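S.K.: have a look at this fold, sequence not included:
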């Protein structure tokens, strides 16, 4: 007689799998509905944004169904991460669209003046077919722009679309690379998914737009992944052991000696070649990221977790060679790195950011609080790892290594922001252990962890939206401002100076090599209206070809919120421009005005 054992086992197996699959399907549908509601609500957010704390204050109430629902579903799925891989992937994609897409859907235009400027650099390279390093610093690191031009030409993708959706695309690219990196750090699937989740919630630094740094950061993650996997090594307990056969010169010794995994020499050589090739692409694309990569690779070598101790030296030689030749036109008067006094660095990276209106200060405080929260969670996670006797120093070393860049240069007051970005993949990894540091043994602990992940996720999502889009009042452009930016090129006299009120202006995507300046560049916060206008007049006279002056809503809001110029000063300067002999108002809409000062006024 045929045994009935299989028939008895199958229902028990289905009983354990079917409910999970059905529940996962239901939660996935709920996540999609919540995301659809959130994105639809975001598309109805008013532009221009009329709140000093940015986009978060004007998003419709229905929007919040998205991040809150996604946080709860993620927390419910996390304990069964091994079974819910598809659901967690869907949740991560929904989170990226929900958190990084609101400004895209609200304005339907690229944020940030610099994104428009990068389109202009790509356009200049494509049209001329050459790279002139004397134009400005960007043309001394043209790798990303040249590659971007080739991609746009080959695919036929609209530059507008590329710039508009770049934050979403870049985050998807970063997360893909980060997932591969994390797989080499832990086998705990809960930690893997929670790391990606926390990375999304903590990434307010706003470097994910169409930019060389976004491309270089992706390369940075990939290079570290290769260094820890194909080029990875295990530290020896006995220090100073011989490393013969480890790819180092025979007979040499080092105190960080490593035991090389059983990989083939061909695989190591291929991996080393790929890392150097990626490093070359990074070095010709961005000034700062190669230094972050070099210090991170050095940290891995010092703790004995990278097989190739000469890799930082190789990359360092390429950096020096590029600075000496490829970027020599820029470095003639602008050294890329130099030591600064601690108080100078602190003032540029922190002190100067604490100026401005009360709404802007709220945003700054939220940014600081969000960053400190991630680092505090990382500290808790590190302690939990130590209690579990997890001795892998790689995440700690890679989180700390970028801090070495802080005393090197202020980087225009952005070094602290960039350091935070370079550390974030690893602070997020350590922070994930704050929630998963101990195995779940009881249902009560399970519910407590689920509640904590849900609550922290919702709170961090709110903080992230405030931090990332806190400047939406001036860095999110209206259709009127975009139309004025396009009109500027039509009405400006030939070779005339193009002048705007401040840097949040959608321009330079066309005729990049023309002369541009702003009141923000010409005037100091201490200047009164008369003094500022005299500087404007002198700059126009110096050019000798007249000027087209674009003054917009976002210009005025930027100067006001950052404490650079009072609205009444801005209005008075505009009145002086209007009263200047020969000046004409040639374009006007609700958000922008264009005045043309003819060449004869420059010669007066």
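M.R.: That came through fine. As the structure is a prediction and not an experimental result, all values here were calculated from the model. Numbers count the residues shown, from 1 in each chain.
S.K.: residue boundaries of the strands in the stretch 51-200 of the chain?
M.R.: Assigned by DSSP state E, counting those that start in this stretch, the stretch 51-200 of the chain shows no strands.
S.K.: could you do the stretch 201-350 of the chain as well?
M.R.: Using DSSP E, counting those that start in this stretch, the strands found in the stretch 201-350 of the chain span residues 234-235, 258-259.
S.K.: least reliable of the ones you listed going by mean pLDDT?
M.R.: With a mean of 46, strand 258-259 has the lowest mean pLDDT of the strands of the stretch 201-350 of the chain.
S.K.: quick one: contacts for residue 522?
M.R.: Taking CB atoms under 8 Å, 6 or more residues apart in numbering, we find residue 522 in contact with 532, 535, 536, 539. Where you see a C-beta, it was placed from the backbone N, CA and C, and this is true even at glycine.
S.K.: let's see 6 Å
M.R.: Taking CB atoms under 6 Å, 6 or more residues apart in numbering as the criterion, residue 522 is in contact with residue 535.
S.K.: from residue 137, how far out is it?
M.R.: Residue 522 is 20 Å from residue 137, where distance means CB to CB, to the nearest Å.
S.K.: kindly report the same for residue 291.
M.R.: From residue 291 to residue 137 the distance is 16 Å (CB to CB).
S.K.: so residue 47 touches residue 104, yeah?
M.R.: No. With contact defined as CB atoms under 6 Å, residue 47 does not reach residue 104; the gap is 11.4 Å.
S.K.: just the helices in the stretch 451-600 of the chain please.
M.R.: With DSSP state H, counting those that start in this stretch, the ranges of helices along the stretch 451-600 of the chain come out as 472-475, 479-491, 519-522, 529-543, 553-561, 567-579, 599-602.
S.K.: and for the stretch 101-250 of the chain?
M.R.: 102-107, 113-128, 143-155, 159-183, 189-202, 212-228.
S.K.: most neighbours per residue, which of those helices?
M.R.: Highest mean neighbour count among those (mean count of other CB atoms under 10 Å): helix 189-202, with a mean of 25.
S.K.: what's in contact with that helix?
M.R.: With CB under 6 Å, 6+ apart as the contact definition, helix 189-202 has outside contacts at 78, 81-82, 88, 92, 95, 175, 182, 374, 424, 428-429, 431-432, 436, 460-461, 464.
S.K.: report the angle between that helix and helix 159-183.
M.R.: 150 degrees (axes from the mean of the first three to the mean of the last three CA atoms, to 10 degrees).
S.K.: switch to numbering from 130
M.R.: Sure, I'll start counting at 130 from here, so that last one is helix 318-331.
S.K.: show me the shaky parts of the stretch 230-379 of the chain.
M.R.: Counting by pLDDT under 70, the stretch 230-379 of the chain shows low-confidence ranges at 364-379.
S.K.: let's see it at 80
M.R.: Applying pLDDT under 80 to the stretch 230-379 of the chain picks out residues 363-379.
S.K.: tell me the contacts of residue 194?
M.R.: Residue 194 neighbours (CB under 6 Å, 6+ apart): 163, 166.
S.K.: and the pLDDT for residue 473?
M.R.: 48.
S.K.: thinking again about what came up before, and residue 420 and residue 266? which has more neighbours close in?
M.R.: Neighbour totals were compared for residue 420 and residue 266, and residue 420 leads with 22 against 14 (other CB atoms under 10 Å).
S.K.: now that one: closest residue in space that isn't a chain neighbour?
M.R.: In space, and not counting its chain neighbours, residue 420 is closest to residue 534: 6.3 Å by CB to CB, 6 or more residues apart in numbering.
S.K.: give me the neighbour count for that neighbour.
M.R.: Using other CB under 10 Å, the number of residues around residue 534 comes to 19.
S.K.: report pLDDT for it.
M.R.: As predicted, residue 534 sits at a pLDDT of 90.
S.K.: next: residue 479.
M.R.: For residue 479, the pLDDT comes out at 48.
S.K.: ok, now residue 459?
M.R.: pLDDT recorded at residue 459 is 79.
S.K.: list the contacts for it?
M.R.: Neighbouring residues of residue 459 by CB under 6 Å, 6+ apart: 266, 269.
S.K.: what's the spacing between the residue most central in space within the chain and residue 299?
M.R.: Note on the chain: the residue nearest the mean C-alpha position is residue 336, at 2.4 Å, using CA atoms, centre = their mean. Distance from residue 336 to residue 299, counting by CB to CB: 9 Å.
S.K.: give me the common contacts of these two.
M.R.: residue 343.
S.K.: would you map out the domains in the protein?
M.R.: Using automatic domain parsing, the domain ranges for the chain come out as 147-239, 606-731.
S.K.: out of those domains, nearest to residue 460?
M.R.: With CB to CB, the closest approach to residue 460 among the domains of the chain belongs to domain 606-731: 20.6 Å.
S.K.: just give me how far the closest one sits from the chain centre.
M.R.: Here the centre of domain 606-731 is set off from its chain's centre by 29 Å, with CA atoms, centre = their mean, to the nearest Å.
S.K.: same question, stretch 223-239
M.R.: Taking CA atoms, centre = their mean, one finds stretch 223-239 lying 15 Å from the centre of the chain it belongs to.
S.K.: give the burial count for the nearest residue to residue 530 once chain neighbours are set aside, as a bare number.
M.R.: Closest residue in space to residue 530, ignoring its immediate chain neighbours: residue 428 at 4.1 Å, by CB to CB, 6+ apart. As a burial measure, residue 428 scores 23 neighbours (other CB under 10 Å).
S.K.: residue 531 is in contact with residue 428, correct?
M.R.: No. Using CB under 6 Å, residue 428 is not in contact with residue 531; the gap is 9.4 Å.
S.K.: now the residue nearest to residue 530: how far from residue 445?
M.R.: Taken as CB to CB, the span from residue 428 to residue 445 is 15 Å.
S.K.: ok, now residue 318?
M.R.: Applying CB to CB to residue 318 and residue 445 gives a distance of 37 Å.
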